[in-house]
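In: Provided below are the primary sequence and the corresponding predicted coordinates.
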Amino acid sequence: MIRALVVDDDFMVARVHHGFVTRTPGFEVVGVAHTGSDALTMVEELRPDLVLLDLYLPDLFGLDVLARLRTDGAECDVIVITAATEVDAVRGARRQGVVDYVLKPFGFEDLRERLERYAAQHEVFAADDLRGQQDIDRVLWPRGPGGAADLPKGMSAETAGLVETALREAGGTLSASEAAARVGLSRVSARRYLEYFCSVGRAEVSLRYGNAGRPERRYRWGA
């Protein structure tokens with residue numbers, strides 16, 4: 001289980017976020033803090049894997065809390081959850097190594113998707129060694145090339161992740177029909193995701209010629 005600490009000065013908002021995290025498989029909330037100083041104390045005592053950190057706290061600005069955590073050697077990851085849209089806040093969070101930056105308000109499905117993406121990164125780091133470039137890409141670019149926002153209209157990051165996993169685990173090539181069967185999509189939808197991966201250089205396609213008819217398109221992860 002990934003152990004999370006929720007930090008938000010608003011008691012009702014903290015309760016909602018607590019519920020969102022608890023509803024996400026593989027996560028548990030080990031504590032809730034409402035001030036920056038309480039957050040620092042609870043990180044030291046509870047050693048969470050992940051901190052969901054609001055920036056507007058009554059005693060300390062969230063980025064100052066984050067800086068203190070880094071100075072103190074805390075190894076937890078941080079997802080910033082805030083209403084702050086200032087460029088300096090986003091830039092500062094990025095420089096201090098946050099794994100995500102989520103604007104309030106948001107729904108459960110949005111946070112769940114982000115937590116699942118984080119869990120995939122966490123799993124990679126739990127291994128003694130990375131298997132190669134694919135694992136490194138998975139950690140550094142968890143949303144894929146250019147980020148999930150760059151997916152074509154009508155495509156979801158969650159489904160893209162499922163198709164990616166099927167292709168990675170195939171141990172060879174897959175056709176659109178085979179990928180669709182593994183993921184539970186229509187062949188047309190699966191092919192759309194596969195072609196997208198090829199277009200951004202994350203997968204490659206080859207043609208398999210039979211005795212008659214059009215050649216079959218076969219997809220392999222990693223161009």
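Out: Right, received. Where do you want to start? Every value quoted in this text rests on a predicted model; they were computed, and no experiment measured them. Residues are numbered from 1 along each chain as shown.
In: strands of the chain, start to end?
Out: In the chain, the strands defined using DSSP state E lie at 2-7, 27-33, 50-53, 77-82, 100-103, 203-208, 216-221.
In: and the contacts of stretch 7-14?
Out: 6, 17, 32-36, 38-39, 51-54, 56-58, 62, 65, 81, 104 (Cβ atoms under 8 Å, 6 or more residues apart in numbering). The way it works is simple: take the backbone N, C-alpha and C, and place the C-beta from them, glycine included.
In: equivalent analysis for stretch 72-80, please.
Out: 5, 40, 43-44, 47-55, 62, 66, 69, 93, 96-102, 114, 118, 122.
In: and the buried ones among those, selectable in PyMOL?
Out: Those of those that count as buried under 16 or more other Cβ atoms under 10 Å are selected in PyMOL with:
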select buried, resi 5+40+43+48+49+50+51+52+53+54+55+62+66+69+93+98+99+100+101+102+114+118+122
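In: now, the contacts of stretch 72-80 that are in helices?
Out: Leu40, Val43, Glu44, Gly62, Leu66, Leu69, Ala93, Arg114, Tyr118, His122 (DSSP state H).
In: how confident was the prediction at the first one?
Out: The predicted local confidence for Leu40 comes out at a pLDDT of 97.
In: quick one: it from Glu113, how far?
Out: As judged by Cβ to Cβ, to the nearest Å, Leu40 and Glu113 stand 29 Å apart.
In: where are the low-confidence patches of this structure?
Out: 124-150, 211-213, 223 (pLDDT under 70).
In: so which residue is dead centre in it?
Out: Arg117 (2.4 Å; Cα atoms, centre = their mean).
In: save the strands of the chain as CSV, and put in distance to Leu194 too.
Out: Formatted as CSV, the strands of the chain follow (distance: least, Cβ to Cβ, whole Å):
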stretch, distance to Leu194
strand 2-7, 30
strand 27-33, 30
strand 50-53, 32
strand 77-82, 30
strand 100-103, 27
strand 203-208, 7
strand 216-221, 5
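In: now, of those, which is deepest in the fold?
Out: Most buried of these, by mean neighbour count (mean count of other Cβ atoms under 10 Å): strand 50-53, with a mean of 26.
In: strand partners of it, parallel vs antiparallel please.
Out: With DSSP bridges as the test, strand 50-53 is paired with strand 2-7 (parallel), strand 77-82 (parallel).
In: how about CSV for the ones you listed, with distance to Glu178 added?
Out: Listed next are these as CSV, based on distance: least, Cβ to Cβ, whole Å:
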stretch, distance to Glu178
strand 2-7, 32
strand 77-82, 35
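In: closest one to Gly184 among these?
Out: Nearest to Gly184, of all the strands paired with strand 50-53, is strand 2-7, at 25.7 Å by Cβ to Cβ.
In: can you check what angle separates the closest one from strand 27-33?
Out: Put simply, strand 2-7 runs at 30 degrees to strand 27-33, going by axes from the mean of the first three to the mean of the last three Cα atoms, to 10 degrees.
In: can you give me the buried ones in stretch 8-24?
Out: Within stretch 8-24, the residues that count as buried by 16+ other Cβ under 10 Å are Asp8, Asp9, Ala14, His17, His18, Phe20, Val21, Thr24.
In: report the contact partners of the last one.
Out: Think Thr24. Contacts of Thr24 (Cβ under 8 Å, 6+ apart): Leu111, Arg112, Leu115, Glu116.
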